[in-house]
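**Student:** Build me a model:
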Amino acid sequence: MIGRSDDRSYISANDRERERLRALVARLGDAELTLQVNEHWTIAGVLAHVAFWDARQLVLIGKLERDEPFTPDDVEPDDATWINDSVRPLAHAIEPREAARLAVRLADETDARIASIARDRLWPNDPTSLVVASRSEHRAEHLDEIEGALRRVHDAR
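**Tutor:** Residues are numbered from 1 along each chain as shown. Next up is the predicted model:
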């Protein structure tokens with residue numbers, strides 16, 4: 001994905017998945033937001049999860065923009081399961097429509113800020129940076145899950 005030093009293809013990939021997120025949120029009804037994606041997460045919960053990880057990137061972007069050094073506490077653990085499990089009750093406590101709006105708003109802000117940062121300050125071009133250039137992969141993974149859950153519900157009818 002990111003090869004040449006001037007390659008900023010992550011911006012168009014982020015744009016594509018953010019617009020996919022926006023279109024999905026626009027077409028989801030309130031009842032659909034409460035559908036289960038899996039045994040642990042509703043659609044709204046998954047959207048809040050996506051918003052949480054974009055919010056984390058915004059915090060790290062702020063540190064980068066202020067030239068504050070990243071600390072060991074800023075590093076995402078190899079296994080973030082405990083973080084996701086901890087956030088889940090909070091994600092599901094957010095009103096479903098608001099969780100959907102929050103996911104879009106934070107995606108907009110995160111992508112705009114990432115696009116404004118020099119590529120050489122972003123991971124993976126800078127292996128010491130904790131600001132990940134590509135937000136598209138995480139969003140795509142969860143949008144695929146949501147669309148799969150919606151297909152299963154539709155097919156069951």
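
**Student:** make it CA atoms for all contacts and neighbour counts henceforth
**Tutor:** OK.

**Student:** so where's the protein shaky on pLDDT?
**Tutor:** With pLDDT under 70 as the threshold, the chain has low-confidence stretches at 1-6.

**Student:** rerun at 50
**Tutor:** Across the chain, the stretches falling below the confidence threshold (pLDDT under 50) are 1-4.

**Student:** Next one: the spatially most central residue of the chain from residue 72, what distance?
**Tutor:** Averaging the C-alpha coordinates of the chain gives a centre point, and the residue nearest to it by Cα atoms, centre = their mean is residue 50 (3.7 Å). Separation of residue 50 from residue 72 (Cα to Cα, to the nearest Å) stands at 23 Å.

**Student:** Residue 151 too?
**Tutor:** As judged by Cα to Cα, residue 151 and residue 72 stand 41 Å apart.

**Student:** In terms of neighbours, single out the busier of those two.
**Tutor:** The residue with the greater number of neighbours, taking residue 151 and residue 72 and applying other Cα atoms under 10 Å, is residue 151; the counts read 11 against 8.

**Student:** Could I have the CA atoms of the strand or helix carrying that one written out in PDB?
**Tutor:** Residue 151 belongs to helix 136-156 when elements are defined using DSSP states H and E. The C-alpha trace of helix 136-156 is given here as PDB (Å, rounded to 0.1, in the frame of the first residue of the first chain):
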ATOM      1  CA  SER A 136      -9.300   2.500   6.000                       C
ATOM      2  CA  GLU A 137      -8.300  -1.000   7.000                       C
ATOM      3  CA  HIS A 138      -9.900  -0.900  10.400                       C
ATOM      4  CA  ARG A 139     -13.000   0.700   9.100                       C
ATOM      5  CA  ALA A 140     -13.300  -1.700   6.200                       C
ATOM      6  CA  GLU A 141     -13.100  -4.700   8.500                       C
ATOM      7  CA  HIS A 142     -16.000  -3.500  10.700                       C
ATOM      8  CA  LEU A 143     -18.100  -2.200   7.800                       C
ATOM      9  CA  ASP A 144     -17.700  -5.700   6.200                       C
ATOM     10  CA  GLU A 145     -18.900  -7.200   9.500                       C
ATOM     11  CA  ILE A 146     -21.900  -4.800   9.700                       C
ATOM     12  CA  GLU A 147     -22.900  -5.500   6.000                       C
ATOM     13  CA  GLY A 148     -22.600  -9.200   6.600                       C
ATOM     14  CA  ALA A 149     -24.900  -9.000   9.600                       C
ATOM     15  CA  LEU A 150     -27.400  -7.000   7.600                       C
ATOM     16  CA  ARG A 151     -27.300  -9.600   4.800                       C
ATOM     17  CA  ARG A 152     -27.900 -12.400   7.300                       C
ATOM     18  CA  VAL A 153     -31.000 -10.600   8.700                       C
ATOM     19  CA  HIS A 154     -32.300  -9.800   5.200                       C
ATOM     20  CA  ASP A 155     -31.700 -13.400   4.000                       C
ATOM     21  CA  ALA A 156     -33.500 -14.800   7.100                       C
END
